[in-house]
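Participant: take this sequence and fold it.
(one chain, ligands or ions: 2)
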Amino acid sequence: MKRIVVLISGSGTNLQALINALNTPRLPSSEITLVLSNRKAAYGLTRASLAVPPIPTSYLALQPFLSKNPTKSRSDYDAEIARIVLAAAPDLVVLAGWMHILSEPFLDLMGPVPVINLHPALPGEFDGANAIERAYEAWKRGEITRSGCMVHRVVKEVDKGEPIIVREVEFKEGEGIEEFEERLHSVEHEIIVEGAKKVLEEAP
Ligand SMILES: Nc1nc2c(c(=O)[nH]1)N[C@@H](CN(C=O)c1ccc(C(=O)N[C@@H](CCC(=O)O)C(=O)O)cc1)CN2
Ligand SMILES: NCC(=O)N[C@@H]1O[C@H](COP(=O)([O-])[O-])[C@@H](O)[C@H]1O
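Facilitator: Ligands and ions are numbered 1, 2, ... in the order given. Predicted coordinates:
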């Protein structure tokens, strides 16, 4: 069985897409060994607990960590995240709405374990947070006709890692951001599974 660790910060609909695909032809011979959130209220933690069988969960937020450990830094937090993740022996780490920029200590500690991220924009466009809103506003200004989403490898530079799966999503005239976002999320739920499968198939 291939072991997947998923990092989240929110609703976890992409986590749910991965859960639903486990041990199907879309994501064969795989299990999620840990879901880790940096936000206690993340509904994705509930999704993990409701899975059959239940998926172990963990929670660690930056500010409480720093408050409890006044001599420690953001890098120490990232190293602790890495320790928690590695304890679940992953073959793959998936950032599925994980809203924390990971510094080099995390990436260095991951070693050969691939880390991938789902981002709701196309390579080189709207890197960072609030990508959907920024893309929609760019379309309203007539600057673009489509946006999209991608799964990419995680490197130190945010959203600059090698794209693994890229899917364009056209804007529709007269469409509100909610409608666009709903269509985009549906595509995300497909590519996060495709991306995980593709990377796991690369592993020796
Ligand atoms: N080293 C990397 N870390 C992360 C990457 C990455 O490519 N390299 N991807 C992000 C995911 N992401 C966009 O896809 C993203 C998430 C969060 C932020 C951001 O500005 N975070 C702030 C805090 C924001 C908040 O708490 O609401 C921060 O970390 O200070 C930008 C991009 C995940 N990590
Ligand atoms: N920059 C990272 C980023 O914006 N990630 C985005 O967070 C959402 C998580 O949704 P979910 O919690 O329902 O899976 C997804 O739209 C994902 O692309």
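
Participant: beta partners of I4?
Facilitator: In this structure, I4 bridges to I32, L92 when assessed by DSSP bridges.

Participant: just give me the neighbour total for L50.
Facilitator: 11 (other CB atoms under 10 Å). Heads up, the C-betas are built off the backbone N, CA and C, glycines and all.

Participant: quick check: it vs A17, distance?
Facilitator: Distance of L50 to A17, computed by CB to CB, to the nearest Å: 15 Å.

Participant: how is E157 assigned, secondary-structure-wise?
Facilitator: coil (DSSP: H, G, I helix; E, B strand; the rest coil).

Participant: could you say what helices and strands the host helix or strand of G148 packs with?
Facilitator: Here G148, judged by DSSP states H and E, is contained in strand 146-153. Strand 146-153 sits against strand 115-119, helix 131-140, strand 163-170, helix 177-202, with contacts defined as 3 or more CB pairs under 8 Å, 6 or more residues apart in numbering; DSSP states H and E.

Participant: what about the last one and ligand 1, any contact?
Facilitator: Okay, so that is helix 177-202. No - remark: helix 177-202 sits outside contact range of ligand 1, by CB under 6 Å from any ligand atom, the gap being at least 11.2 Å.

Participant: now swap in the first one and tell me
Facilitator: Yes - judged by CB under 6 Å from any ligand atom, strand 115-119 comes into contact with ligand 1 at N117, H119.

Participant: over to stretch 37-55?
Facilitator: No - applying CB under 6 Å from any ligand atom, one finds stretch 37-55 separated from ligand 1 by no less than 7.7 Å.

Participant: what is the end-to-end distance of that stretch?
Facilitator: 13 Å (CA to CA, to the nearest Å).

Participant: swap in stretch 34-42?
Facilitator: 14 Å.

Participant: contacts for it, please.
Facilitator: Stretch 34-42 is touched from outside by 5-12, 15, 44-45, 47-48, 55-62, 81, 84-85, 87-88, 90, 98-100, with contacts defined as CB atoms under 8 Å, 6 or more residues apart in numbering.

Participant: just the buried members of those residues?
Facilitator: 5-10, 12, 15, 44-45, 47-48, 55, 57-58, 81, 84-85, 88, 90, 98, 100 (16 or more other CB atoms under 10 Å).
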